[in-house]
Structures are given as C-alpha cells and as structure tokens.
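Novice: Output the structure for:
(one chain, ligands or ions: 1)
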Amino acid sequence: MRIGIIAVGRLKAGPEKDLVSRYLDRFAKAGPASGLEFARVSELTESRASNAATRKREEAAQIEKAMPDNPLVIALDERGKSWDSQEFATYLGDHKDRGRRDMVIVIGGADGLDPDFRDRADLNLNLGRMTWPHQMVRIMLAEQLYRAVTILSGHPYHRS
Ligand SMILES: C[S@@+](CC[C@H](N)C(=O)[O-])C[C@H]1O[C@@H](n2cnc3c(N)ncnc32)[C@H](O)[C@@H]1O
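Specialist: Below is the predicted model:
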C-alpha cells in the first residue's frame, strides 16, 4: 500500500524540514519489507479567500484534486480519535493486508480542515488534543509512520 501525505502550506528549509526528511527517508527504506511504500508529500498553497469557511472549502477542493484514485483518507485533526502507536500500525497493516492500494494522510492549514471534508474522511485522527503547528504535525506524523513500520516488522526501535 502506498502512503502519501497532503499538506496545506509549505515547509521552509530549516530544522523542521530536515527532521521530516530524516523520518520519511527511514520510512521509505524500511516500509517495503512490510508492504508499505512512501508515495510523496504534496504541498498545497493556502487559500487567500477573505473568510475562513471559504478558505477551508477551497483548500478541501485542492486536496481532493491532489488525491490518487479511491484512496483511504485519514484527516489529521485535534478533534479526531486518539490512538497509540500500536493501534496506528495495526490500522496501516490491516488495510495493506486487505489490498488497499493508496492511503493519504491530510494535514490542514492555519484554519484547519473543512468540516465536510473531515466528515467524508475514513478516519479523523489526532496527535493529542492540543493544537500543534503544521510543521510539528508533519514531524510527528513522519516519525509515527517510521515507528509503525518498525512495529509491523518487529524492529527494536519501538520498545513497548
Ligand atoms: C494550526 S492547525 C489548525 C488548527 C485549526 N484552528 C483547527 O481548528 O483545526 C493545522 C493543522 O495541523 C493539524 N493538527 C494540529 N494539531 C493537531 C492535533 N492535535 N492532532 C492532529 N492534527 C493536528 C491539523 O491537520 C490541522 O488542520
């Protein structure tokens, strides 16, 4: 199963981007042994519409356009479900075993994700109930993807 990240907003060169790249490189190298392949990060430009609801709707339309055909969609959102790393790894492994071809994990912009888009997603997942800046969300997601493949492959990185 290919896993891609779609993010509203761009990550500038700097320590956050370096850390994201480090974990995504590790994920890309370790994933295939567990049947998980890293697709890409698609960065989308934030809408400049004058009100937040319109911005979120326009961003949701861009997100839909950036998706492959019929993906499983995880919306990252502070109001979503709280899972531990083992549960996240199991979810990835189960969908891979069922033959799902593509999964996308979506990070919103400064306004967050459009509520209708969140309702349409297969899963709303949080990384804790606090609000994090999108740069930190990308770092945490990249690390959890790498951690998930180490859990699925029994690598000692994840010491439960
Ligand atoms: C700065 S936050 C936007 C917060 C926005 N005010 C809201 O109500 O969603 C940017 C994006 O980071 C992600 N994010 C921030 N905190 C998160 C958390 N605790 N769990 C999961 N995703 C989070 C979400 O995708 C969010 O759309």
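Novice: The helix or strand where Q86 lies close to the ligand?
Specialist: Element membership for Q86, per DSSP states H and E: helix 85-97. No. If you take C-beta under 6 Å from any ligand atom as the test, helix 85-97 misses the ligand, and the best it gets is 12.0 Å. Bear in mind the C-beta positions are built from the backbone N, C-alpha and C, glycine included.
Novice: Now E64, what are its backbone angles?
Specialist: Main-chain dihedrals, E64, degrees, to the nearest 10: phi -60, psi -40.
Novice: That one and L76, how far apart?
Specialist: 16 Å (C-beta to C-beta, to the nearest Å).
Novice: burial measure for K65, as a count.
Specialist: Neighbours of K65 under the rule other C-beta atoms under 10 Å: 10.
Novice: Okay, buried residues for the strand or helix carrying it please.
Specialist: Assigned by DSSP H and E, K65 belongs to helix 52-66. Neighbour-count burial for helix 52-66 flags 55-60, 63, 66 (criterion: 16 or more other C-beta atoms under 10 Å).
Novice: and stretch 39-54, what's its mean pLDDT?
Specialist: Averaged across stretch 39-54, pLDDT comes to 97.
Novice: near the ligand, anything from that stretch?
Specialist: No. Stretch 39-54 does not reach the ligand (C-beta under 6 Å from any ligand atom); its nearest approach is 8.9 Å.
Novice: In this protein, where's the longest helix?
Specialist: Longest helix in the chain by number of residues (criterion: DSSP state H): helix 134-153.
Novice: now the angle between helix 85-97 and that one, please.
Specialist: Put simply, helix 134-153 runs at 70 degrees to helix 85-97, going by axes from the mean of the first three to the mean of the last three C-alpha atoms, to 10 degrees.
Novice: Is any residue of helix 134-153 near the ligand?
Specialist: Yes. For helix 134-153 and the ligand, the contact criterion (C-beta under 6 Å from any ligand atom) is met by 134, 137.
Novice: which parts of that helix are buried?
Specialist: Using 16+ other C-beta under 10 Å as the test for burial, helix 134-153 gives 134-135, 137-152.
Novice: who touches that helix?
Specialist: 3, 5, 7-9, 11, 16, 19-20, 22-24, 26-27, 30-31, 33-34, 36, 38, 41, 76, 85-86, 88-89, 92-93, 105, 107-110, 127, 132, 155-158 (C-beta atoms under 8 Å, 6 or more residues apart in numbering).
Novice: repeat for stretch 9-26
Specialist: Contacts for stretch 9-26 (C-beta under 8 Å, 6+ apart): 38, 41, 43-46, 107, 109-110, 134-136, 138-139, 142-143, 145-146.
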